[in-house]
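[1] Sequence and predicted model, in that order:
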There are 2 protein chains.
Amino acid sequence: MRYVVIMAGGSGTRLWPLSRKGRPKQLLEIFGGKSLLRLAYERLEGLLPTEQILVCTGRAYADDVRAQLPELPAENLLGEPVGRDSVNAVGWSAAVLLERDPEADVAMVTADQIITPADRFRATLAEAFVAAEEIPGALVTLGVVPTSAHTGYGYLRRGEELRPGAFRIEEFKEKPSLDVARGYVESGQYWWNAGMFVWRAATLFAQLERFLPENAAVLHEVAAHPERLDELFPTLARTSVDYAIMEPAATGASGAVVVGIPLEVQWSDVGGYLSYAELLPKDHHGNTVTGQSVLLDSSGCIVLNMVGPEHVVATLGLEGMLVVATPQATLVAGLNDVERVKMVVAQVSERYGAELA
Amino acid sequence: MRYVVIMAGGSGTRLWPLSRKGRPKQLLEIFGGKSLLRLAYERLEGLLPTEQILVCTGRAYADDVRAQLPELPAENLLGEPVGRDSVNAVGWSAAVLLERDPEADVAMVTADQIITPADRFRATLAEAFVAAEEIPGALVTLGVVPTSAHTGYGYLRRGEELRPGAFRIEEFKEKPSLDVARGYVESGQYWWNAGMFVWRAATLFAQLERFLPENAAVLHEVAAHPERLDELFPTLARTSVDYAIMEPAATGASGAVVVGIPLEVQWSDVGGYLSYAELLPKDHHGNTVTGQSVLLDSSGCIVLNMVGPEHVVATLGLEGMLVVATPQATLVAGLNDVERVKMVVAQVSERYGAELA
């Protein structure tokens, strides 16, 4: 049977102070009152029944996930006691589903992007399921046709077409330099690595046993004996699924075949304030504004009032500035400086403690 | 007997959102945890016993005044049911004190300045009391020797010396143009109008009866029958004591004599963020900072975190900016634009209601 696991772990500092340690990006209800997680869930509507949708997240976020996804069956919430990187998220998901259904096919999808249109996304997942089911040993990865020489993404080099619309992935390339990225985009041979995968759970788990046998053994034990989760999960070696499985599997040496399916959608990873603002309307001075605010002589600004309905944010004489107000923190930065927000977060954490960071 | 009345009415928008309608500048505890009112009260220490110090304020601020001045006798808090400008504040104070003591001499002092040193201020008040007591018909006004051609103050032109250190004031000049102000300062004949007065209560009240007989009658009635305060006070015509009494009295036509005493002190009216920041220490990047904050690559800024100890204000890449965070509002402005904060306040009030303004 087919399953989808929404991966909603991770944190990230680039949207601080909207996102904080206890409130990662995916859980922020900043898209018309919905979170990226909620949007990721709704994006699957009609693809699979609710019982076949799972969420893998940090246990600290479990209450928020339940509140945002009241439809989610309790047993479909996989709460990691501690984060152990993506290879263990996919490995644990596969192990849990194999316990329930030895024939499980699994799509691992991310929760931290805006993807439109949703029906095209669902159709791509359906194609990917077919590829995973019909190509023996397939580890299917979704690739986004690049729209720019982005240096912040990983790239997939595609090779021969294995079946209509499904290509062998010959190599994974980590974040390239700008020149290299330009070459990739011009060649037409590369996709962005969307970080979303579809496979038979048994295929993935066999690869995990080959490349990380200790992790596989622990995850098998955890899936079979959930009461040992807190004891065993923290012992797992951390690494990413790309690095530990997909990259070596793409060489063909492990008996698996890495298959790429193009994901032809509009795609934003909301990786920072600039990409978030691109998703919102602008006023006629080029300002992006949420919440109660008064902007005078201000243009090209992003002003986010997340304090609540009893608060107003006012700006006067600003150009190209970011202003974010939350109950815990206020951030004011030049829009040219927002890449360095993580430095601010580090200092806040050092000076005032991790609760504010 | 001598009395001092601290005038703590008024509001003002130039320190918004620190100051707001319900929390005027004088009541903000932003000077090492003390307010300008508290500092004005402490400045009188040793000059007069507590029973001879009164506060005239808006009734809406009475609770805050009592909290900040627990020593103040209950009957010495004069709470105006509505603001009716300075002539009625000084007139009501005189009328109330005349009921208690027909020989009352009164100093009317402001609460909205930082004045140092306090002992020099007290000595000047003592001299002013003597002048008011010894010069028949004297309306004594304190004058500050100007340190710049400020166009935001009124000016006093001084004439002959009536007794050592006490000069006849020949004319009141409202806020002048810059050229005119420069001439005043160069001439050495002008002082800034400090808005502080000393007079026999009977002398002031007689002038009030002459220039504003209806106001005098109402205020006499209110002082004699406090239970009629709410009914009568709102009926008073509004005007300023400078315009209604001091300016015409300075012509000599009313039998009074306007006397100026120089107030040789450091004097800041904390009229806006720039003058407030001048009272606070700067870091080595020229930033003035209060409360929890992280400033990265920021210089020449004023960053005031008034939200509380659970909040942090962070800036990144700012130069010459004002950032003020309070629970009700956040203001971000270029320091060159702070004169226009009142426009922001007007828009906030219009859009979101007077509570936020």
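    Nice, I can see it.
[2] Now do the contacts for A:L279.
    Residues counted as contacts of A:L279 (CB atoms under 8 Å, 6 or more residues apart in numbering or on different chains) are A:31, A:114, A:268, A:270. (Glycine included, C-beta is placed from N, CA and C.)
[3] can you do 6 Å?
    A:I114 (CB atoms under 6 Å, 6 or more residues apart in numbering or on different chains).
[4] So what does it look like in phi/psi?
    Phi and psi for A:L279, reported as degrees, to the nearest 10, are phi -90, psi -10.
[5] Okay, it and A:L142: tell me how far apart.
    21 Å (CB to CB, to the nearest Å).
[6] try A:A206
    In terms of CB to CB, A:A206 sits 21 Å off from A:L142.
[7] These two - which one has more neighbours?
    The residue with more neighbours, out of A:A206 and A:L142, is A:L142; 28 against 18, by other CB atoms under 10 Å in any protein chain shown.
[8] where does chain A have low pLDDT?
    A:10-12 (pLDDT under 70).
[9] Following the record's annotation, map out the domains of chain A.
    Using automatic domain parsing, the domain parsing of chain A gives A:2-268, A:273-356.
[10] Let's have these in TSV, adding distance to B:S299.
    Output for those, formatted as TSV (distance: least, CB to CB, whole Å):
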stretch	distance to B:S299
domain A:2-268	22
domain A:273-356	13
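[11] burial measure for the nearest residue to A:Q113 once chain neighbours are set aside, as a count.
    Of all residues not flanking A:Q113 in the chain, A:D269 sits nearest, at 5.0 Å (CB to CB, 6 or more residues apart in numbering or on different chains). Other residues lying near A:D269 total 20 when counted by other CB under 10 Å.
[12] right, and A:D269 touches A:A111 too?
    No: here A:D269 lies out of contact with A:A111, judged by CB atoms under 6 Å, at a distance of 10.9 Å.
[13] For chain A, just list every one of the helices.
    In chain A, the segments counted as helices under DSSP state H are A:36-42, A:62-68, A:85-100, A:118-134, A:178-187, A:201-211, A:213-224, A:229-232, A:241, A:247-250, A:273-278, A:341-352.
[14] so what's the residue nearest to A:G255 when sequence neighbours are not counted up against?
    Spatial nearest neighbour of A:G255, chain neighbours left out: A:G137 (5.6 Å); criterion: CB to CB, 6+ apart. Contact partners of A:G137, counting by CB under 6 Å, 6+ apart, are A:203, A:255-257.
[15] one step back: tell me which of the helices of chain A lies nearest to A:A74.
    Minimum separation from A:A74 across the helices of chain A (CB to CB) falls at helix A:62-68, 8.2 Å.
[16] Flag every buried residue along that closest one.
    Using 16 or more other CB atoms under 10 Å in any protein chain shown as the test for burial, helix A:62-68 gives A:64-65, A:68.
[17] export those to JSON lines and tack on distance to chain B?
    Output for the buried residues of helix A:62-68, formatted as JSON lines (distance: CB to the nearest CB, whole Å):
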{"residue": "A:D64", "distance to chain B": "20"}
{"residue": "A:V65", "distance to chain B": "25"}
{"residue": "A:Q68", "distance to chain B": "25"}
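[18] As CSV, those residues with distance to B:T315 would be great.
    Below are the buried residues of helix A:62-68 laid out as CSV (distance: CB to CB, whole Å):
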residue, distance to B:T315
A:D64, 29
A:V65, 33
A:Q68, 32
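[19] from these, which single one is nearest B:M246?
    Nearest to B:M246 among the buried residues of helix A:62-68 is A:D64, at 64.9 Å by CB to CB.
[20] What residue, apart from its backbone neighbours, is nearest the closest one spatially?
    A:L27 (4.8 Å).
[21] ok, that neighbour - contacts?
    By CB under 6 Å, 6+ apart, the neighbours of A:L27 are A:35, A:37, A:64.
[22] Can you tell me which of these is nearest A:E214?
    Among the contacts of A:L27, A:L37 lies closest to A:E214 (CB to CB), at 30.9 Å.
[23] That closest one and A:T110 touch, don't they?
    No: look at A:L37 against A:T110 with CB under 6 Å: they stay out of range, at 10.1 Å.
[24] any idea how far chain B is from the nearest residue in space to A:D230 that is not next to it in sequence?
    Nearest non-adjacent residue to A:D230, counting by CB to CB, 6+ apart: A:P81, 5.0 Å away. Distance, A:P81 to chain B, by CB to the nearest CB, to the nearest Å: 28 Å.
[25] before we move on, back to that, for A:R158, see how far away the residue nearest to A:G255 is.
    Per CB to CB, A:G137 is found 18 Å from A:R158.
[26] repeat for A:I115
    Taking CB to CB, one finds A:I115 at 20 Å from A:R158.
[27] Bridged to the residue of the stretch 151-300 of chain A found nearest chain B, which residues?
    Using CB to the nearest CB, A:V294 is the residue of the stretch 151-300 of chain A that sits closest to chain B, at 4.6 Å. Judged by DSSP bridges, the bridge partners of A:V294 are A:A314.
[28] got the angle between the strand of greatest length in chain A and helix A:178-187?
    Looking across chain A with DSSP state E, the single longest strand is strand A:190-200. Counting by axes from the mean of the first three to the mean of the last three CA atoms, to 10 degrees, strand A:190-200 points 70 degrees away from the direction of helix A:178-187.
[29] Summarise which helices and strands strand A:190-200 is packed against.
    In terms of contacts (3 or more CB pairs under 6 Å, 6 or more residues apart in numbering or on different chains; DSSP states H and E), strand A:190-200 is packed against strand A:105-110, helix A:118-134, strand A:138-144, strand A:155-163.
[30] quick one, which of the ones you listed is nearest to B:L44?
    Closest among the helices and strands packed on strand A:190-200, using CB to CB: strand A:105-110, at 67.3 Å.
[31] Contacts made by that closest one with the rest, please.
    A:2-7, A:90, A:97, A:125, A:129, A:132-133, A:195-198, A:200-201.
[32] Please apply the same query to stretch A:300-308.
    Contacts for stretch A:300-308 (CB under 6 Å, 6+ apart): A:273, A:277, A:286-293, A:313, A:318-327.
[33] So which bits of chain A are right by chain B?
    A:292, A:294, A:296, A:312-317, A:323, A:325, A:329-334, A:337, A:344, A:347-348, A:352, A:356 (CB under 6 Å from any CB of the partner chain).
[34] Now which of these would you call buried?
    Neighbour counting by 16+ other CB under 10 Å classes A:292, A:294, A:296, A:312-317, A:323, A:325, A:329-334, A:337, A:344, A:347-348, A:352, A:356 among these as buried.
[35] Give me the neighbour count for the spatially closest residue to A:E174 that is not a sequence neighbour.
    Residue nearest to A:E174 in three dimensions, not counting chain neighbours: A:G154, with 5.5 Å by CB to CB, 6+ apart. Residues near A:G154, counting by other CB under 10 Å, number 19.
[36] ok, A:G154 to A:F121 distance?
    Note on A:G154: its distance to A:F121, by CB to CB, is 20 Å.
[37] With A:F172 instead?
    22 Å.
[38] more neighbours, those two?
    A:F121 (24 against 19).
[39] Next up, the contacts around the more buried one.
    A:43, A:115, A:265.
[40] Dig out what the second one forms beta bridges with.
    According to DSSP bridges, A:W267 are recorded as the beta-bridge partners of A:I115.
[41] count of neighbours near it?
    By other CB under 10 Å, neighbour count at A:I115 equals 23.
[42] isn't it right next to A:V265, touching?
    Yes: under the criterion of CB under 6 Å, A:I115 makes contact with A:V265 at 5.1 Å.
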